[in-house]
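**Q** From the sequence below, what's the structure:
(one chain, ligands or ions: 1)
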Amino acid sequence: MKFNTALLHSGKMGDEATGATLTPVYQSSAFYQPNAQQHEKLFHNKANGFSYTRINNPTIVAFENKMTALEKGIASIACASGMAAITNALLNIVNAGQEIVASSSLYGGSIDVFHDFEAFSITTHFVDVEDEADMEKVINENTRVIFAETIGNPKLDVVNIKKLADFAHDHGLPLVMDNTVATAYLVRPIELGADVVVNSTSKYINGNSDAISGVITDSGKFKWDKERYPGMKEYVRFGKFAYTAKLRNGLFRNTGACIAPQTAFYNMLGMETLGLRMERACSNAKALAEFLAQYDDVEVNYPGLPDSKWHSIANEVLENGYGAILTIRVGSKERAFDVINALTIPKIVSNIGDTKTLIIHPESTLNAHSTEKEKEEAGVFDDLIRISLGIEDIEDLIEDFKNALEK
Ligand SMILES: *Cc1c(COP(=O)(O)O)cnc(C)c1O
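**A** Model (predicted):
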């Protein structure tokens, strides 16, 4: 099946017991058991079933299964937010005294959480993941994972996933990719060698910005070395599910990072139109980028423009489009604010992936906690505006931008 058909028809549809076309919301914190023996089995991973929604729930499992199919993995764990997913995905395999190598072009919240990890003696080295020599310099015997975004937010650099995965594996390291900005509509990192994929499903997956959540999807392919990842010892008996089993039996349940069943339901509704929304939002982004590129005093950054530094790699890595986000530099912070304030359709919102076009000045908001060096490496400048395209009619958006820029 192709993308949209698979979204709608892979896996079980709705509720087989009643014929409901949508999976019901099991708004229940806990599940009763037929007998004490069954309860014991559940707690020893010897039976399938549900006991407590912090651990799992039928609505959440249905959503996780859809994400697993979408990202071509073997198992997923849905979390309370994208940040909870990133935190859990990494701390499942990185201990105190160990190190993370991460792309310097990351979502501001991810840079912040890596700094929070320092309090637990976990150090992160921010590198240019296109520069293998730069990465070699910081990799040592304590390194446990490489982390990057498929399309960096907001630098919009497109990562050569296959090359980065090969590099990671040559060093015995797993590659964890944040696929939030691209989504599986544009690329499935697991198909290109990534070991674990995280998504902030608050964005394009949900699609309507009605709930916060995140998902970790495991490829099941990484061979965990028991000496390097001692925490994995107990879980190798789960075979290719070792990473997910460790997380679900450990940090994920114990930090209480669970998603709400209602959110899982919203996400499943949103996912049905992921392909349609992405198709429209990506074509809007390309058209707006081409329009804005005509202005001599506006510098446009969009991987879909032929003069983008990442155009050729985007053609190699991405299918179906170049993403629905673009950034522009307009010369000064003052002009950036004037343009943002003059627009009437895009709303000033610290979010991406909505049906509506959203706009933000990242330097004064999302990257408020970043150092000057971090901002520069993340491609965040004081005259930079980030635009997350929605599914409006492009003629209206172009007209609005024309008026705002010429004002
Ligand atoms: C929004 C975002 C996150 C964080 O997700 P939340 O759901 O807001 O916690 C992580 N990575 C990227 C690329 C994002 O855009």
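
**Q** mean confidence for stretch 271-278?
**A** Taken as a whole, stretch 271-278 has a mean pLDDT of 97.

**Q** Equivalent analysis for stretch 128-143, please.
**A** 97.

**Q** which residues make contact with it from outside it?
**A** Contacts to stretch 128-143, defined as Cβ atoms under 8 Å, 6 or more residues apart in numbering, come from residues 97-101, 103-105, 123, 125, 127, 146, 148, 157, 159-160, 164, 167, 171, 173, 377. Heads up, the C-betas are built off the backbone N, CA and C, glycines and all.

**Q** Name the residues of the stretch 251-400 of the chain found near the ligand, please.
**A** Residues of the stretch 251-400 of the chain found near the ligand, taking Cβ under 6 Å from any ligand atom as the criterion, are Ile352.

**Q** Please identify the residue of the stretch 251-400 of the chain positioned nearest to the ligand.
**A** Ile352 (5.6 Å; Cβ to the nearest ligand atom).

**Q** SS state for that residue?
**A** coil (DSSP: H, G, I helix; E, B strand; the rest coil).

**Q** Skip the chain neighbours and tell me the closest residue to it.
**A** Spatial nearest neighbour of Ile352, chain neighbours left out: Ser388 (3.9 Å); criterion: Cβ to Cβ, 6 or more residues apart in numbering.

**Q** Isn't the one you found up against Ile325?
**A** Yes: under the criterion of Cβ atoms under 8 Å, Ser388 makes contact with Ile325 at 5.1 Å.

**Q** residues shared between the contacts of these two?
**A** Ile352.

**Q** in this structure, which spans are strands?
**A** 75-79, 99-103, 123-127, 143-149, 175-178, 196-200, 214-218, 299-301, 325-329, 347-348, 358-360, 384-388 (DSSP state E).

**Q** Using a markdown table, lay out the ones you listed together with mean neighbour count.
**A** What follows is the strands of the chain, written out as a markdown table (neighbours: other Cβ atoms under 10 Å):
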| stretch | mean neighbour count |
| --- | --- |
| strand 75-79 | 27 |
| strand 99-103 | 23 |
| strand 123-127 | 20 |
| strand 143-149 | 24 |
| strand 175-178 | 28 |
| strand 196-200 | 30 |
| strand 214-218 | 29 |
| strand 299-301 | 19 |
| strand 325-329 | 23 |
| strand 347-348 | 13 |
| strand 358-360 | 21 |
| strand 384-388 | 25 |
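
**Q** closest one to Met232 among those?
**A** Closest to Met232 of those is strand 143-149 (Cβ to Cβ; 11.1 Å).

**Q** Now do the same contact list for whichever residue of the stretch 151-300 of the chain sits closest to the ligand.
**A** Going by Cβ to the nearest ligand atom, the ligand is nearest to Ser200 of the stretch 151-300 of the chain, at 3.0 Å. Remark: with contacts taken as Cβ under 8 Å, 6+ apart, Ser200 is in contact with 81-83, 85, 107, 178, 180, 213-214.

**Q** ok, the residue nearest to Ile352 to Pro346 distance?
**A** As judged by Cβ to Cβ, to the nearest Å, Ser388 and Pro346 stand 8 Å apart.

**Q** what touches both of these two?
**A** Shared contacts of Ser388 and Pro346, counting by Cβ under 8 Å, 6+ apart, come down to 357-359.

**Q** wait, Thr124 sits on Gln98?
**A** No: here Thr124 lies out of contact with Gln98, judged by Cβ under 8 Å, at a distance of 10.4 Å.

**Q** and the contacts of Ser200, which two are the farthest apart?
**A** Farthest apart among the contacts of Ser200 - using Cβ to Cβ - are Tyr107 and Ser213, which lie 15.5 Å from each other.

**Q** Give me the more crowded residue out of those two.
**A** Taking other Cβ atoms under 10 Å, Tyr107 and Ser213 do not tie; Ser213 has more neighbours (27 against 24).

**Q** Quick one: neighbours of the residue lying closest to Met268 once chain neighbours are set aside, just the number.
**A** Among residues not flanking Met268 along the chain, Phe63 sits closest, at 5.3 Å (Cβ to Cβ, 6+ apart). By the criterion of other Cβ under 10 Å, Phe63 has 27 neighbours.

**Q** can you check Asp307 too?
**A** Asp307: 8 neighbours (other Cβ under 10 Å).

**Q** same deal with Asn142?
**A** When neighbours are counted by other Cβ under 10 Å, Asn142 registers 14.

**Q** Please determine how far it is located from Phe401.
**A** 48 Å.

**Q** what do you get for Asp382?
**A** Distance from Asp382 to Phe401, by Cβ to Cβ: 20 Å.

**Q** who's more crowded, these two?
**A** Higher neighbour count among Asp382 and Phe401: Phe401, with 24 against 14, using other Cβ under 10 Å.

**Q** got a list of what the more buried one touches?
**A** With contact taken as Cβ under 8 Å, 6+ apart, Phe401 is in contact with 288, 291-292, 343.

**Q** Quick one, grab the pLDDT at Tyr295.
**A** 97.

**Q** now it: how far from Val181?
**A** The value you get for Tyr295 to Val181, if Cβ to Cβ is used, is 25 Å.

**Q** Which residue of those two possesses the greater neighbour count?
**A** Val181 (25 against 15).

**Q** these two touch, right, the more buried one and Tyr322?
**A** No: using Cβ under 8 Å, Val181 is not in contact with Tyr322, being 10.9 Å away.

**Q** Tell me which stretches of the stretch 201-350 of the chain form helices.
**A** Under the criterion DSSP state H, counting those that start in this stretch, helices of the stretch 201-350 of the chain are mapped to 242-249, 251-254, 261-271, 274-292, 311-317, 333-342.

**Q** Touching stretch 104-122 from outside, list them.
**A** Contacts for stretch 104-122 (Cβ under 8 Å, 6+ apart): 82-83, 86-87, 90-91, 94-100, 102, 123-124, 126-129, 147-149, 152-153, 155, 157, 178, 180, 200, 362, 366-370, 374, 377-379.

**Q** Kindly recompute the last result at 7 Å.
**A** By Cβ atoms under 7 Å, 6 or more residues apart in numbering, the list of residues contacting stretch 104-122 from outside reads 83, 86-87, 94, 96-98, 100, 102, 124, 126-128, 149, 152-153, 155, 157, 366-367, 369-370, 374, 377-379.

**Q** Kindly report the same for stretch 346-366.
**A** Against stretch 346-366 from outside (Cβ under 7 Å, 6+ apart): 108, 154, 203-204, 207-209, 277, 325, 336-337, 340, 343, 345, 375, 380-382, 384-392, 397.
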